[in-house]
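In: Generate a structure from the sequence data that follows.
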Amino acid sequence: QVQLVESGGGLVQAGDSLRLSCAASGLTIVTFRSYAMGWFRQAPGKEREFVAAIAWSGGPTDYADSVKGRFTISRDSAKNTVNLQMNSLLPEDTAVYYCAARRGLVLAGRPRYDYWGQGTQVTVSS
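Out: This is a model prediction of the structure:
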């Protein structure tokens, strides 16, 4: 069973940076490399939305327009982890951030994800 555990959330001020990490277990290193990884977020009263995705380490990425140029997704396939570097944070980035994984490496069309973490809270004060 694949398990995803996020970390790195917190309370910051507008303009600050945060780095979220997600550790995947239940997958061998080889199998992990065949999974696309993504980050989603859900703000209070809103639906969960896509933030970013990555196919393989150093490979194709996809970002929501709202975070392009500010957020960077990366993965370390030797450690089964995926990270989200968030710079120039805005109050509207406040949300619970979820890590997700799915079989396959195609990012086009933003396919559904198979596995989800429990989420980590990010709060950005103005």
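
In: quick one, helices of the chain?
Out: If DSSP state H is used as the criterion, the helices of the chain fall at 29-32.

In: Find the residue at the geometric middle of it.
Out: The centre of the chain sits closest to Trp39, judged by Cα atoms, centre = their mean, with a distance of 2.4 Å.

In: Can you give me the separation between the closest residue in space to that one that isn't next to it in sequence and Asp65?
Out: Spatially, and ignoring its direct neighbours in sequence, Trp39 is nearest to Val51 (4.3 Å; Cβ to Cβ, 6 or more residues apart in numbering). Every C-beta, even on glycine, is put in place using the N, C-alpha and C of the backbone. Using Cβ to Cβ, to the nearest Å, Val51 is found at 11 Å from Asp65.

In: which residues touch the residue nearest to Trp39?
Out: Listed by Cβ atoms under 8 Å, 6 or more residues apart in numbering, the contact partners of Val51 are Gly38, Trp39, Phe40, Arg41, Tyr63, Ala64, Val67, Phe71, Leu84, Tyr97.

In: again, only using 7 Å
Out: Residues near Val51 by Cβ atoms under 7 Å, 6 or more residues apart in numbering: Trp39, Phe40, Arg41, Ala64, Val67, Phe71.
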